[in-house]
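K.L.:
Coordinates only, no sequence provided:
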């Protein structure tokens, strides 16, 4: 039982996309559960810890549906504890961790290891995803039924794309029997080859091997057709091109049970940010053209893209201090997910509640979690944000074990001031560090 004092956040702007609520009022949490969160005044329980939320916004704790960690096997890059610390600093209270570990999370015992380690060490809620195929080898399906019963929220081969069409159909058919979520990254390995940037003029200028945009959309279109055939719940883990957005629009018009995510990097950055071979911008999928980035923003605004994720992928210095084509791909993102997303609010590109829906109630519904909302009776996971506070994201702010951020020294507007999980504060901002 949660024995913390009741918590009251008063005079705060309540932003709850699950109820389309934007009002100034009071949020009450007792025994780790939201008692009320609505506009207007509310009676504060005796003995409650009271926070004056004047000038702040109270959001549901963010839900991040794509987080890579190093534990087990790569703890030097990231542990579950350090990922939880970084998440809390970013206002993220629930994370779905990918199975790309050593050993791979492909059986019940390993999934239970993640749950147990998170319970003992993490400041935030951690939910395991399990592999679609044993060892991520793309050859043999995992025990989806047993893993679903053990609390696994999604099935994915993480960074890997399944080539075998017949196997993918069998996986979707079997997953459909359990209403399990198939989450897939789509990049055709044969088309991608040794490419590291998007095919186009910039790739030619840089002299780097390139990947055509079709490498993403061809396996995506295959998956969408198989999802229509099998009736499975399908989620495109991260799309990044206008071609992919149009494929998702068609699938949704045809009522396929399909959803899509986009990483915060592909909403915020384009291929020109690579500059002079800056390896922190070596990502998978690679950064795209500005036209593609704009297409991602439009797809998020109109609901074609359902969720935004950090795609937090820690890599150590040795993996990044190499020539661009040899560097490991990936960037951390838990701490910059919300402030980077808020750029689209401050530039009036996407309505605020729609932005917040994509990182709260939408991923929670996708993963069948009772999180991402301020509805009474739900867990007391809250994020208090100063939507207008300017700050610079410097290296010394990074809580992750790895420092490979694509947003080093970026200027943001919108600082997380406090993160609360189950009614307990797990992060509190040092106001002195918020400065332009």
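P.N.:
Structure's in. What do you need? As the structure is a computational prediction, the values presented were derived from the model and not from experiment. Numbering: from 1, shown residues only.

K.L.:
Now do the same contact list for the most centrally placed residue in the chain.
P.N.:
Note on the chain: the residue nearest the mean C-alpha position is residue 309, at 2.4 Å, using Cα atoms, centre = their mean. Neighbouring residues of residue 309 by Cβ atoms under 8 Å, 6 or more residues apart in numbering: 64, 65, 66, 67, 237, 238, 261, 262, 263, 264, 337, 363. Just so you know, the C-beta spots here come from the backbone N, C-alpha and C atoms, and that holds for glycine as well.

K.L.:
please redo it, this time with the cut-off set to 6 Å
P.N.:
64, 65, 66, 261, 263 (Cβ atoms under 6 Å, 6 or more residues apart in numbering).

K.L.:
swap in residue 141?
P.N.:
Applying Cβ under 6 Å, 6+ apart to residue 141 gives the contacts residue 171.

K.L.:
per-residue confidence for it?
P.N.:
If you check residue 141, the pLDDT there is 97.

K.L.:
in which helix or strand would I find the closest residue to the residue nearest to the centre of the chain other than its chain neighbours?
P.N.:
Distances taken as Cβ to Cβ, 6 or more residues apart in numbering place residue 66 nearest to residue 309, at 3.8 Å, with adjacent residues excluded. Under the criterion of DSSP states H and E, residue 66 resides in strand 62-67.

K.L.:
returning to that earlier point: so the residue nearest to the centre of the chain bridges to which residues?
P.N.:
Taking DSSP bridges, one obtains residue 263 as the residues bridged to residue 309.

K.L.:
was I right about the residue nearest to residue 309 contacting residue 312?
P.N.:
No: look at residue 66 against residue 312 with Cβ atoms under 6 Å: they stay out of range, at 7.4 Å.

K.L.:
Of those two, give the one with the bigger neighbour count.
P.N.:
Taking other Cβ atoms under 10 Å, residue 66 and residue 312 do not tie; residue 312 has more neighbours (32 against 28).

K.L.:
Ramachandran coordinates for residue 179?
P.N.:
The phi/psi pair for residue 179 (degrees, to the nearest 10) reads phi 50, psi 40.

K.L.:
how many neighbours does it have?
P.N.:
Neighbour tally, residue 179, other Cβ under 10 Å: 12.

K.L.:
What strand or helix carries residue 118?
P.N.:
Counting by DSSP H and E, residue 118 is found in helix 108-121.

K.L.:
ok, the helix or strand following that helix: who's next to it in the sheet?
P.N.:
Downstream of helix 108-121, the next assigned helix or strand under DSSP H and E is strand 125-130. Paired neighbours of strand 125-130 in the sheet (DSSP bridges): strand 92-97 (parallel), strand 154-155 (parallel).

K.L.:
any idea which of those is most buried?
P.N.:
Neighbour counts (mean count of other Cβ atoms under 10 Å) averaged over each of those peak at strand 92-97, with a mean of 28.

K.L.:
Can you point out the buried residues in the longest helix along the chain?
P.N.:
In the chain, taking DSSP state H as the definition, the longest helix is helix 214-230. Residues 215-224, 226-228, 230 are the ones in helix 214-230 that count as buried (16 or more other Cβ atoms under 10 Å).

K.L.:
Determine the set of other helices and strands touching the very next helix or strand once past that helix.
P.N.:
Once helix 214-230 ends, the next helix or strand along the chain (criterion: DSSP H and E) is strand 233-236. On a contact count with 3 or more Cβ pairs under 6 Å, 6 or more residues apart in numbering; DSSP states H and E, strand 233-236 meets strand 181-184, strand 258-263.

K.L.:
between the longest one and helix 214-230, how many degrees?
P.N.:
Spelled out, it's strand 258-263. Calculated by axes from the mean of the first three to the mean of the last three Cα atoms, to 10 degrees, strand 258-263 forms an angle of 150 degrees with helix 214-230.

K.L.:
ok, residues contacting the helix or strand following strand 258-263?
P.N.:
Moving toward the C-terminus from strand 258-263, the next helix or strand (DSSP H and E) is helix 264-268. When contacts are defined by Cβ under 6 Å, 6+ apart, helix 264-268 is touched by residues 240, 283, 296, 308, 310, 333, 337, 340, 406.

K.L.:
Same check on stretch 313-332?
P.N.:
68, 77-78, 196, 208, 277, 279-280, 282-284, 312, 400, 402, 404-406.

K.L.:
End to end on that stretch, go ahead and measure it.
P.N.:
One end of stretch 313-332 sits 5 Å from the other (Cα to Cα, to the nearest Å).

K.L.:
Distance from the chain centre to that stretch, please.
P.N.:
Centroid separation for stretch 313-332 versus its chain: 20 Å, with Cα atoms, centre = their mean, to the nearest Å.

K.L.:
now stretch 208-225
P.N.:
Taking mean C-alpha positions (Cα atoms, centre = their mean), stretch 208-225 and its chain are 21 Å apart.

K.L.:
Excluding its own residues, what touches that stretch? List them.
P.N.:
Contacting residues not belonging to stretch 208-225 are listed as 161, 184, 186-188, 191-192, 194-197, 199, 203, 236, 241, 243-244, 247, 251, 256, 258, 285, 325 [Cβ under 6 Å, 6+ apart].

K.L.:
So residue 390 lies in a strand, does it not?
P.N.:
Yes: Residue 390: assigned to a strand according to DSSP: H, G, I helix; E, B strand; the rest coil.

K.L.:
From residue 345, how far off is it?
P.N.:
14 Å (Cβ to Cβ, to the nearest Å).

K.L.:
Just the helices from the protein, written as ranges.
P.N.:
Applying DSSP H to the chain gives helices spanning 80-89, 108-121, 144-149, 165-177, 189-192, 201-206, 214-230, 242-253, 264-268, 290-302, 317-320, 337-346, 352-357, 361-366.

K.L.:
Which elements pack onto the last one?
P.N.:
Using 3+ Cβ pairs under 6 Å, 6+ apart as the contact criterion, the elements in contact with helix 361-366 are strand 62-67.

K.L.:
quick one: contacts for the residue nearest to residue 93 when sequence neighbours are not counted?
P.N.:
In space, and not counting its chain neighbours, residue 93 is closest to residue 61: 2.8 Å by Cβ to Cβ, 6+ apart. Each residue near residue 61 by Cβ under 6 Å, 6+ apart is listed here: 93, 381, 382, 383.

K.L.:
Based on its surroundings, how many neighbours for the last one?
P.N.:
Taking other Cβ under 10 Å as the criterion, the count of residues near residue 383 is 28.

K.L.:
Report pLDDT for it.
P.N.:
98.

K.L.:
correct me, but it touches residue 420?
P.N.:
No: using Cβ under 6 Å, residue 383 makes no contact with residue 420, being 7.5 Å away.

K.L.:
how near is residue 102 to residue 49?
P.N.:
Residue 102 is 42 Å from residue 49, by Cβ to Cβ.

K.L.:
neighbour-wise, which of those two wins?
P.N.:
Neighbour count, other Cβ under 10 Å: between residue 102 and residue 49, residue 49 has more, with 16 against 9.
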